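> Return a 3D structure for these sequence lines:
(2 chains)
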Amino acid sequence: EDYHERCVQCSEVNWGLTDGGRFYCRTCHNVTERTREIVSSAVTSNTRIQTISKGLRKLEKNDEGWEWYVCEGFQFVLQKQAEALEALGVCPQMKDEILCNFWRRYLQKSQQAYCDRPAGESIKVLSGYESSTDMESEPERPGLLHLLPLSESDGEPLTDCSFGSSTGRVSESTSACSGSVDGTLHARKNKKDKLRMSMPMTLSFCYMALLWLRESMTLSDLLRFVVEGHIPYLNVFQCFPEKMKLYGLDLKIFCVESWPVYEEVHDKMVHLAAFLELPRFPDITESCFLHPDMLCMKYLMEANLPDELHNWTCRVVKKIHIGEADFLTLVPENKSTRKVKYDVLAAAVIVVVLKLLFLLDDHYEWLLSDFAQERNKNNKEDGPYFEFKKWYKVIKNTLDVEQKKMDEQRAKYLWRCEKPLFYSAKKKSKVLKRRQIVVNLQNQFGKLSGSWQPAEKPNPSSFQFNWSEENTDGSCFHGHSLKGVLQEKCGLLTVMNPDYWLCTVKLCTEKFCGRLAHYRDVDFPQSYHFVLRLFSFLLRIQPSCIHEEVCAIEHKLFNKKLYKKPKHNPGQRK
Amino acid sequence: SHPHKLDFRKSKDMCLGYIQDALLQKQWKRAAEFLTFYIESLEKDFSTEYMGPSEIIWRLGTEILCHCLHNDVKEFNSFIEQMKTLGVKRYLKICLEHAFHLLCNGQIDEAYQSLSSAESWRFGEQTTAQDKELKLIQAYRGLLDYYNWSKQKNVFLEYDKDGFEDLSVEQEMHNSFRKAAVSLKEIIQIPGVWDQFVQCYIDLLEFYGDHEEARQVLNEYAYNSKFPANPNAHVYLYQFLKRHGEPKKSLISVLKILHDIVPSHELMIDFHAMLQKSKKRKKRRLGLEVIFAALDYAGWKENVKAWSCLARQVKQIIISEKHLDWIKQEWNSRKDWWPAFHFSRYLAKQNWQENESLAYEKALVAGILLGKDCKYFKYVSRQGCKDQKKKFRMLKKFVNKHGPVYLRISG
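Below is the predicted model of the structure:
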């Protein structure tokens, strides 16, 4: 990528790197003689590792494989994840530039590479990354790189390369506990260190890069793709090179036995951004996918709600100013912007709008629905009026069916892969024997139940539910009109419902209990719970997350009313 | 929810739930399907939990295979072999249950082989740890030896009848006998319930004429306090003593204990008969107690023989006018509930319709205990007289004659 000469054959500037480290033209596949002693990007290929190992690494101790460091392992993981994201349609810039630069910066800041070591230890710096020529040649990149602080050793002759602690220190005994050189050290590192590299953190990196590029993928989308298997996460070590042996404590580091949790990944992401001292992220504007207006539109479609509701969501968004770039854009050092979760926010806005129109107190929405039904009978000219009851039936059926499917899929989830793992060489034979037995048994019982196949991976798609207006059974509500539930007042359509109930009168302080509000489904109307359940399913998060956001929005929306009359009794209709 | 429980564990627990649901609904294929996904939990066996995945898979897998395989023995056996390798701590238990499975499928020889090879299994400490299972394996192997002996014996007797003499058959028979006897004797010595083994052992001993040993074994089995209270032990002893013409006194003492443990046992009728024949007053008194006690149980409600025994004894007492207090004593604790239990009008109708003899006997008893105005007696005697049955007329006369008796009884 730093090479900008025109190809002799086709005059293009589009270079790639062969395994042998030579430049070749991607357009006409002309291979040059030009080689790189040092690879330009840490993340683009295995070449780097091989080059390093061939030239500089202690080779093949007892045929056990290379020495490798934990962060190299994570580098592989990130690489694979980035490739998968690219296959899903994310722009290549993410992999080639953004992600790898974030990673480099992280390594530097956490003193695992690219930096000075405390006095006394030998300084080893990876070559080629810090050279100022890199930065100057790409002015149109977002302003990240030029803020990358230079290492003090910049300019020194670059010879050796290695990661992490000086190799001399790592003794034979520690490497026996893990395939990686510093596995023990890594595993024992302060567990409270939020930013200790871990598998969930890899997703934080990915999401951070996606956010920087403002890609059309929310965090919940990303995590869903992970669980569905489109993005390497579970058993990703299968793609490590053969010689990178994994055992002992490496297993604790690289093997996951839990699906990633939204809040954990998000939390790590914002802390990571602050740690890396990143500047303000690119603005989230109205035309961005992540803007509430856009996401609301998407979720309304998925939830099979009338398009007309979009007007209402936009109004709410505008009223409480959550559509503004300053509110939405992540500024790592600013704690308030760190709390914004775009998908949850959009879902919560829709919930609030539904509450505004339908009240959702287990009475009014049904009354209103009957009312709309009546009006529908006489309704000849307009399109059908939206009836809550009908919508509820359709959605409930679908949701129940899908939830059941999802539960069965989770029960059928296969965690183990063909590459067996073991804690130590002693246990190897036992583990292999076990694996053999497991495979035999799986075949035996698989035959009994018909063809034995793990659940098929669903095709990756941004939409989980698809409702088509061509359905003649009337199960698509997009085009339905809200006129049935609105009334005319002064020439405008307003809500018939004059009341509203707040989810909570007082927000908690996050400092004390970590949350703004708490949710127990028995405390709230069933319709409200149903709506939360719907979005909880779509976003694959707990209903309480959405509920919390709803509370926050309501407090902004009714701010004046709330704080003007403190005597008002909570929970009652106002 | 448990934040510390990893999703791996949670999803396997969920999977197990699906397997169990499917089994309860007899959806074998569905159970097999989910079991397939559960199996990988073997690769992380939480041995701190009470029932680890390997035991679960063994038990559930056996159930599923039983229903899905329809006698594919090879398939089943290969599954069992894998289960054995998975859990050495459970090795003998698996062998034993496998043998049961084979026996249920009529594969006696295979079961025998399996038990024999299990008997010779040795695995360091595990051998002593699984001592109980080993003993059971030996015992069941002994039982199968008995079974073989039994077959051989029949062949031998056939030959004998026809005048043949076949040394090899006799030899085999003796071999089986010896093997069986040793194992059976061993297991019976351990306190427990060994009904089947005892019976087989006694059969062996009796055939070879070792009555002394048989008697001793049965006595031990019935009277050794270390053994759990077992009505059958007394039954076997009784039957043995009866077979060998023991005096009534011994028989009665055995059955007395049986009566104490299981008043509703079917042998109570025999017991009553023996007691009635006795000259001793005490015994006859006991007889009344025995028969009343038996009829306390719902299972005896329609037992004609029992009712006729009671009727007979009660009639005798009434006629002799001696020992009315016996009846009074027995009736005292029953007068509150027997009328509704045995002598309701509904039952009168039902008994009359279904079984006249039953109705007759019961009516007699009712008439005596409750007087001629009781619902049961009135209905049955009226029906009987309507049909002009002689014995019912006699019955009516009898009860009318001894009418006041009931007053003294129930007084």
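> Pull out the buried positions in stretch A:80-90.
A:80-85, A:88, A:90 (16 or more other Cβ atoms under 10 Å in any protein chain shown). C-betas here are computed from N, CA, C, even on glycine.
> Look up how far chain B lies from residue A:316.
Noted for residue A:316: a distance of 32 Å to chain B, by Cβ to the nearest Cβ, to the nearest Å.
> OK, now which residue of the stretch 201-350 of chain B is nearest to chain A?
For the stretch 201-350 of chain B, the residue positioned closest to chain A under Cβ to the nearest Cβ is residue B:228, at a distance of 39.4 Å.
> nearest spatial neighbour of that residue, skipping sequence neighbours?
By the measure of Cβ to Cβ, 6 or more residues apart in numbering or on different chains, the closest residue to residue B:228 outside its immediate chain neighbours is residue B:193, 6.2 Å from it.
> what does residue A:408 give?
Residue nearest to residue A:408 in three dimensions, not counting chain neighbours: residue B:18, with 7.0 Å by Cβ to Cβ, 6+ apart.
> Can you tell me the SS state at the residue of the stretch 201-350 of chain B closest to chain A?
Three-state call for residue B:228 (DSSP: H, G, I helix; E, B strand; the rest coil): coil.
> Verify the stated contact: it with residue B:195.
No: taking Cβ atoms under 8 Å as the contact criterion, residue B:228 and residue B:195 are not neighbours in contact, 11.5 Å apart.
> More neighbours: the two, which one.
Neighbours were tallied for residue B:228 and for residue B:195 using other Cβ atoms under 10 Å in any protein chain shown; the higher tally belongs to residue B:195 (14 against 9).
> what's near enough to touch the more buried one?
B:230, B:232-233, B:236 (Cβ atoms under 8 Å, 6 or more residues apart in numbering or on different chains).
> most neighbours, which of those residues?
When neighbours are counted as other Cβ under 10 Å, the busiest of these turns out to be residue B:233, with 26 neighbours.
> Wasn't it part of a helix?
Yes: counting by three-state DSSP, residue B:233 falls inside a helix.
> For chain A, identify the residue most remote from the centre.
When distances to the mean C-alpha position of chain A are computed (Cα atoms, centre = their mean), the maximum falls on residue A:378, with 48.3 Å.
> What are the phi and psi values at it?
phi -90, psi 0 (degrees, to the nearest 10).
> Next to chain B, which bits of chain A? Give me the list.
A:257-259, A:407-408, A:410-416, A:431, A:433-435, A:437-438, A:440-442, A:444-446, A:448-450, A:452, A:454 (Cβ under 8 Å from any Cβ of the partner chain).
> Of those, which belong to helices?
A:407-408, A:410-411, A:431, A:433-435, A:437-438, A:440-442, A:444-446, A:448 (DSSP state H).
> Narrow those to those that are buried.
Members of those classed as buried by 16+ other Cβ under 10 Å are A:408, A:410-411, A:431, A:434-435, A:437-438, A:441-442, A:444-446, A:448.
> Of those, which pair is most distant in space?
The span of those, defined through Cβ to Cβ, is set by A:408 and A:431 at 29.0 Å.
> Spell out which parts of chain B neighbour chain A.
Applying the criterion Cβ under 8 Å from any Cβ, the portion of chain B that neighbours chain A consists of B:6-9, B:11, B:14-15, B:17-18, B:28-30, B:32-37, B:39-40, B:42-43, B:57, B:61, B:64-65, B:68-69, B:75, B:78-79, B:82, B:85-86.
> Now do the residue farthest from the centre of chain A against residue A:466, distance only.
Residue A:378 sits at a distance of 32 Å from residue A:466 (criterion: Cβ to Cβ, to the nearest Å).
> list the contacts for the residue nearest to the spatial centre of chain B?
Among the residues of chain B, the one closest to the centroid is residue B:232, at 7.3 Å (Cα atoms, centre = their mean). With contacts defined as Cβ under 8 Å, 6+ apart, residue B:232 is in contact with residue B:195.
> quick one, helices of the stretch 51-200 of chain B?
With helices called from DSSP state H, counting those that start in this stretch, the stretch 51-200 of chain B shows them at B:53-69, B:73-86, B:91-104, B:108-119, B:125-129, B:131-162, B:167-189, B:195-207.
> With respect to residue B:365, which of the ones you listed lies nearest?
Closest among the helices of the stretch 51-200 of chain B, using Cβ to Cβ: helix B:195-207, at 35.5 Å.
> In PDB, list the C-alpha atoms belonging to that closest one.
Coordinates of each C-alpha in helix B:195-207 appear next as PDB, following Å, rounded to 0.1, in the frame of the first residue of the first chain:
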ATOM      1  CA  ASP B 195     -36.700 -63.600  46.500                       C
ATOM      2  CA  GLN B 196     -35.900 -65.000  43.100                       C
ATOM      3  CA  PHE B 197     -32.500 -66.200  44.100                       C
ATOM      4  CA  VAL B 198     -33.800 -67.900  47.200                       C
ATOM      5  CA  GLN B 199     -36.500 -69.700  45.400                       C
ATOM      6  CA  CYS B 200     -34.000 -71.000  42.800                       C
ATOM      7  CA  TYR B 201     -31.600 -72.000  45.500                       C
ATOM      8  CA  ILE B 202     -34.200 -73.900  47.400                       C
ATOM      9  CA  ASP B 203     -35.300 -75.600  44.200                       C
ATOM     10  CA  LEU B 204     -31.700 -76.800  43.700                       C
ATOM     11  CA  LEU B 205     -31.400 -78.000  47.300                       C
ATOM     12  CA  GLU B 206     -34.600 -79.900  47.300                       C
ATOM     13  CA  PHE B 207     -33.800 -81.600  44.100                       C
END
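> helices and strands of chain A: which one bottoms out on pLDDT?
Lowest on mean pLDDT, DSSP states H and E among the helices and strands of chain A sits helix A:132-137, with a mean of 35.
> re the thing from before, tell me, how many neighbours does the residue nearest to residue B:228 end up with?
Neighbour tally, residue B:193, other Cβ under 10 Å: 14.
> quick one: contacts for it?
Residue B:193 sits in contact with B:227-228, B:230, where contact means Cβ under 8 Å, 6+ apart.
> Any chance of those residues in CSV with pLDDT as columns?
Compiled in CSV, the contacts of residue B:193 are given as follows (pLDDT from 0 to 100):
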residue, pLDDT
B:227, 93
B:228, 92
B:230, 92
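> Mind putting these into TSV with distance to residue B:327?
Putting the contacts of residue B:193 into TSV (distance: Cβ to Cβ, whole Å) gives the following:
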residue	distance to residue B:327
B:227	38
B:228	36
B:230	33
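> What's the per-residue pLDDT of the residue nearest to the centre of chain B here?
At residue B:232, the predicted lDDT confidence score is 95.
> Residue B:62 now?
91.
> Does it touch residue B:94 like I think?
No: under the criterion of Cβ under 8 Å, residue B:62 makes no contact with residue B:94, lying 9.2 Å away.
> When those two are compared, which one has more neighbours?
When residue B:62 and residue B:94 are compared for neighbours, residue B:94 comes out ahead with 21 against 18, by other Cβ under 10 Å.
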